[in-house]
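In: need a structure here:
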Amino acid sequence: MELTITSDLLLDLAERFASLPLLVIGGEAALANAFDADTTFQPTDIRERDNARVAIIDSPNPASFATVLLPAPPDRDLLRRHLLIAAAVLVQGGTLIICGANAEGGKTAIKDAEKLFGSPTWSGYREKHRLAMFRKTTLLTPAWASQAGITPGTWQDFRIDTSVGPLELQTQAGVFAGNKLDAGTRLLLENMSIPVSASILDLGCGAGIIGLTAARMGAGAITMTDTNLLAIDTARHNADRLGIAATIIASDVFAQLDGQRFDLILSNPPFHRGKKVDLSVANRLIAEAPAHLTPGGSLVIVANAFLAYDKHLREVFSRIEIIARTPQFHVIQGEL
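Out: Alright, predicted model coming up:
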């Protein structure tokens, strides 16, 4: 598999300067797979976890790795979380190698690493990417190092108001929309109708807002899925806190659902990968939804107004309706 530029640059530095054992935090499995042995991968995406050929770990032990490779994510809070993990798992004198695209916060990523590790032992700029190496000696204490939701094992509180009362939720770095309700999901919540005892799939659940609200509105069986492993952890945490029974599965769209069918599928599907528009998830969701709906079932999605999902829905569903519209978003229902 061809590596991204970020992974290729990290691999080049690692081949020259890394010592084993080595941990790759986030990014693509292909980077971890490029090493022969004594390499561990901590993925944040089910798709990358499934592509990994090396050891997978969810919670690395402290001071257990000589080198950490960190492809800097564009989400700054997630970057900081990963930096804290790197600081904890590196042995004293161990090496952090970090790389990020300049257009996705690469320069900021290096600055945040400096605030925790001190000055880099090496830094550079190649192919519109920032790179740096740091040695773990005396760690610094930036304010964000103890921030709830960024520090691993901690949660940030937030609350949303729904038609069935408030939901008191918690989240962590790397989960969509952070500690707020995004405008698209809000519009979907305000306009979704939940048949009593209906089986519901919240696809791309994030912190679980849609599925947990549907449960409060009288739904029957609730299933929530996401490709983001941090989102799955968060949705499960929130369901447990609220005492709501739900099946929560890491899944690449419908891939891990084993042919299950639902009365209603609800989703605010992603349409970005980094800064690029990427409709692959939404297109698969629409195309594959009928095979996962009960007879008479429906799919309800929210989308930015400039995205022509209604055209694709008309190719798949016998009836579609725009059930809510604002200048920025519309909520579309497709019925079998």
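In: In terms of pLDDT, where does the residue nearest to the spatial centre of the chain sit?
Out: For the chain, the residue nearest the mean C-alpha position is Asn228 (3.4 Å; CA atoms, centre = their mean). With respect to pLDDT, Asn228 scores 97.
In: Check Ala30 too.
Out: Looking at Ala30, the pLDDT reads 97.
In: And for the one 10 residues further on?
Out: At Thr40, the predicted lDDT confidence score is 98.
In: Is it in a helix, a strand, or coil?
Out: Here Thr40 is recorded as strand under DSSP: H, G, I helix; E, B strand; the rest coil.
In: is it in a bridge, and if so with what?
Out: Going by DSSP bridges, Thr40 is paired in beta bridges with Leu23, Ala55.
In: Contacts only, for it.
Out: The neighbours of Thr40, taking CB atoms under 8 Å, 6 or more residues apart in numbering as the test, are 21-24, 32, 54-57, 60, 65. Any C-beta I mention is one placed from the backbone N, CA and C, and that applies to glycine too.
In: which residues in the stretch 201-336 of the chain form helices?
Out: 209-216, 229-242, 280-288, 309-316 (DSSP state H, counting those that start in this stretch).
In: between those helices, which gets nearest to Glu15?
Out: Glu15 lies closest to helix 229-242 among the helices of the stretch 201-336 of the chain, at 27.8 Å (CB to CB).
In: buried stuff in the closest one?
Out: Within helix 229-242, the residues that count as buried by 16 or more other CB atoms under 10 Å are 229-239.
In: Serialize those to a markdown table and add fields for distance to Gly204.
Out: Compiled in a markdown table, these are given as follows (distance: CB to CB, whole Å):
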| residue | distance to Gly204 |
| --- | --- |
| Leu229 | 13 |
| Leu230 | 13 |
| Ala231 | 8 |
| Ile232 | 11 |
| Asp233 | 15 |
| Thr234 | 13 |
| Ala235 | 11 |
| Arg236 | 15 |
| His237 | 17 |
| Asn238 | 15 |
| Ala239 | 16 |
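In: Kindly indicate which of those residues lies nearest Glu315.
Out: If you rank the buried residues of helix 229-242 by distance to Glu315 using CB to CB, Ala231 comes first, at 29.2 Å.
In: quick one: that closest one and Ile249, what's the gap?
Out: Note on Ala231: its distance to Ile249, by CB to CB, to the nearest Å, is 11 Å.
In: do Ile160 as well
Out: 23 Å.
In: Now do Leu264: how many residues are near it, please.
Out: For Leu264, the neighbour count with other CB atoms under 10 Å is 22.
In: swap that for Gly100, sorry
Out: Neighbours around Gly100, by other CB under 10 Å: 25.
In: same deal with the one 10 residues further on?
Out: Ile110 has 20 neighbours, counted by other CB under 10 Å.
In: for it, phi and psi?
Out: Torsion angles at Ile110 (phi, psi; degrees, to the nearest 10) stand at phi -70, psi -40.
In: Over to Leu96?
Out: The phi/psi pair for Leu96 (degrees, to the nearest 10) is phi -100, psi 130.
In: Who does Thr247 form a beta bridge with?
Out: Under the criterion used (DSSP bridges), Thr247 bridges to Thr223.
In: Next, work out how far apart Ile244 and Gln260 are.
Out: Distance from Ile244 to Gln260, by CB to CB: 19 Å.
In: who has more neighbours, the two?
Out: Ile244 (17 against 14).
In: thinking again about what came up before, quick one: the helices of the stretch 201-336 of the chain as a markdown table, columns for distance to Leu10 too.
Out: What follows is the helices of the stretch 201-336 of the chain, written out as a markdown table (distance: least, CB to CB, whole Å):
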| stretch | distance to Leu10 |
| --- | --- |
| helix 209-216 | 34 |
| helix 229-242 | 21 |
| helix 280-288 | 25 |
| helix 309-316 | 36 |
